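In: sharing a sequence plus its predicted fold:
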Amino acid sequence: MSQLFSEFTLRGLTLRNRTVVSPMCQFASQMGLLDDWHLVHLGRFAVGGFGLVYVEATAVTPEGRITYADSGLWNDAHIPPLRRIVDFLHAHGAAAAIQLAHAGRKATTPHPWRKTDTADAKARAGFEDWQPVAPSALPHAEGHKVPHELSIGEIETLVQRFVEAAERALAAGFDIVEIHGAHGYLIDQFLSPLANKRTDKYGGSRENRMRFMLEVADGIRRVWPDEKPLFARLSVQDWHPDGWQIEDSVALAAELKSRGVDLIDCSSGGFAEGQVKGGALYQVPFAQAVRSGAAIPTMAVGLIDDANAADAVIANGQADLVAFGRPALEDPNWPVHAKRALEGTEGLYDLYAGPVGHAIRAMDKALGR
Ligand SMILES: Cc1cc2nc3c(=O)[nH]c(=O)nc-3n(C[C@H](O)[C@H](O)[C@H](O)COP(=O)(O)O)c2cc1C
């Protein structure tokens, strides 16, 4: 049997295999609410055989959304649509994760494809914008708003917002919460010396820059049940000589582990996009460095699309899980096809096996037959 399709257990959760659908913003929510789009989009990955499916970056406050059309979990009205998605994922054998996020100074950016250039277009699109917040009053880049510098009291309130969102994720039935500490968003803005110029206990030394992330992890672990895993996504390095480096991530991962974080989801970048040097599997060495440096399970992600390569990542001990973003969008049956390539089982064109049979069985079950 392949390693990619072996089970994986963390705390009280066993995943049916090591394939994961990476969190992917859909920019399709209104006031943070998920709807049928998200049920179909995410549900299809469970039917296609993934072991774990993520709900996209989900804002813990309205101001923490990247765009006004992001997913949110800042009030109880957000729980029922999420519960519906979680129940569907569970009914089809996948575990459910949600990524809790705050975009900080990268919030309130334009919607990627909707036109909002006139008052009419704005009204049609349900457009909103607002004042972003950050550790320091430095804009992300030209064209971005200058953020409000958070006070100590405001930082404490934001830690509490992450904790409250985790409590709602629990009410929605999620198996895993992931803290989004990557991609130059709020937590990463605290971590990186490129964005954090504070001189109080949240800035300066690495220990101080890690404080916000560690307070969020501590707070969530207090309300997140012992039998459920807690993950953190990090940009393992900033791709900038003056930024956050791999050894910083190893140190942070060790601290997170001691606070009850179970796995580090290893991404990179978010401050210096032009500098990223990516080819196939380019972030796998980051997952390997954190896994061996901090003795904590990791997830590899980024330009992994080949079944044998994904299997080798697990077999070689470079990571414990492999996440797929664009390959999953392109082929929601990616695991079925990969399993066939690796193990020669499940004929694609056999009516009662492979994805066709799987879909028929799923439909039968949904209809109570
Ligand atoms: C449409 C889209 C939306 C994304 N949204 C998120 C997100 O919500 N949170 C996150 O951490 N990464 C997000 N990402 C990054 C992916 O999770 C993943 O790390 C990245 O696409 C690299 O993996 P891939 O090469 O398999 O696509 C997004 C990527 C895409 C393509």
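Out: Nice, I can see it.
In: where along the stretch 51-200 of the chain do the strands fall?
Out: 52-59, 71-72, 95-101, 133-134, 148-149, 176-181 (DSSP state E, counting those that start in this stretch).
In: let me fix that: the stretch 201-350 of the chain
Out: Under DSSP E, counting those that start in this stretch, the stretch 201-350 of the chain gives strands at 230-235, 263-267, 298-301, 321-324.
In: need the winner for burial among the ones you listed.
Out: Mean neighbour count (mean count of other Cβ atoms under 10 Å) peaks for strand 263-267 among these, with a mean of 29. Using the backbone N, CA and C atoms, a C-beta is placed for each residue, glycine as well.
In: let me know whether that one sits next to the ligand.
Out: Yes: applying Cβ under 6 Å from any ligand atom, one finds strand 263-267 in contact with the ligand at residue 267.
In: kindly calculate the angle that that strand makes with strand 230-235.
Out: Going by axes from the mean of the first three to the mean of the last three Cα atoms, to 10 degrees, strand 263-267 is angled at 20 degrees with respect to strand 230-235.
In: for the stretch 251-369 of the chain, give me the ranges with low pLDDT.
Out: Low-confidence segments of the stretch 251-369 of the chain (pLDDT under 70): 345-360, 362-364, 366-367, 369.
In: that one against the ligand: which residues are in contact?
Out: 267, 301, 302, 303, 324, 325, 326, 327.
In: nearest to residue 14 among those residues?
Out: residue 324 (20.1 Å; Cβ to Cβ).
In: give the contact list for that closest one.
Out: 19, 20, 21, 22, 50, 301, 304, 305, 334 (Cβ atoms under 8 Å, 6 or more residues apart in numbering).
In: got a winner among these for most neighbours?
Out: Greatest neighbour count in the contacts of residue 324, by other Cβ atoms under 10 Å, goes to residue 50: 31 neighbours.
In: pLDDT at that residue, what is it?
Out: Listed pLDDT for residue 50 reads 96.
In: same check on the one 4 residues further on?
Out: Reported pLDDT at residue 54 in the predicted model: 98.
In: please report how far residue 40 lies from residue 26.
Out: 11 Å (Cβ to Cβ, to the nearest Å).
In: comparing those two, which shows the higher neighbour count?
Out: Neighbour count, other Cβ under 10 Å: between residue 40 and residue 26, residue 26 has more, with 16 against 11.
In: quick one: name the residues of the stretch 101-250 of the chain near the ligand.
Out: Residues of the stretch 101-250 of the chain lying near the ligand (Cβ under 6 Å from any ligand atom): 180, 182, 183, 233.
In: which among these gets closest to residue 208?
Out: residue 182 (19.5 Å).
In: okay, the strands of the stretch 201-350 of the chain in TSV with distance to residue 138 next?
Out: Shown next, in TSV, are those (distance: least, Cβ to Cβ, whole Å):
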stretch	distance to residue 138
strand 230-235	17
strand 263-267	22
strand 298-301	28
strand 321-324	30
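In: quick one: closest of those to residue 2.
Out: Short answer: strand 321-324, nearest of these by Cβ to Cβ, at 11.5 Å.
In: partner strands of the closest one and their direction?
Out: Its sheet considered, strand 321-324 pairs with strand 19-21 (parallel), strand 298-301 (parallel) by DSSP bridges.
In: pull it out as PDB, backbone CA atoms only.
Out: This file holds the C-alpha atoms of strand 321-324, laid out as PDB (Å, rounded to 0.1, in the frame of the first residue of the first chain):
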ATOM      1  CA  LEU A 321       0.100  15.200   5.200                       C
ATOM      2  CA  VAL A 322       0.100  16.700   1.700                       C
ATOM      3  CA  ALA A 323      -2.200  19.500   0.800                       C
ATOM      4  CA  PHE A 324      -3.500  20.400  -2.700                       C
END
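In: the residue in the chain positioned nearest to the ligand - how many residues pack around it?
Out: Nearest residue of the chain to the ligand (Cβ to the nearest ligand atom) works out as residue 325 at 2.7 Å. Neighbour count of residue 325, defined by other Cβ under 10 Å: 18.
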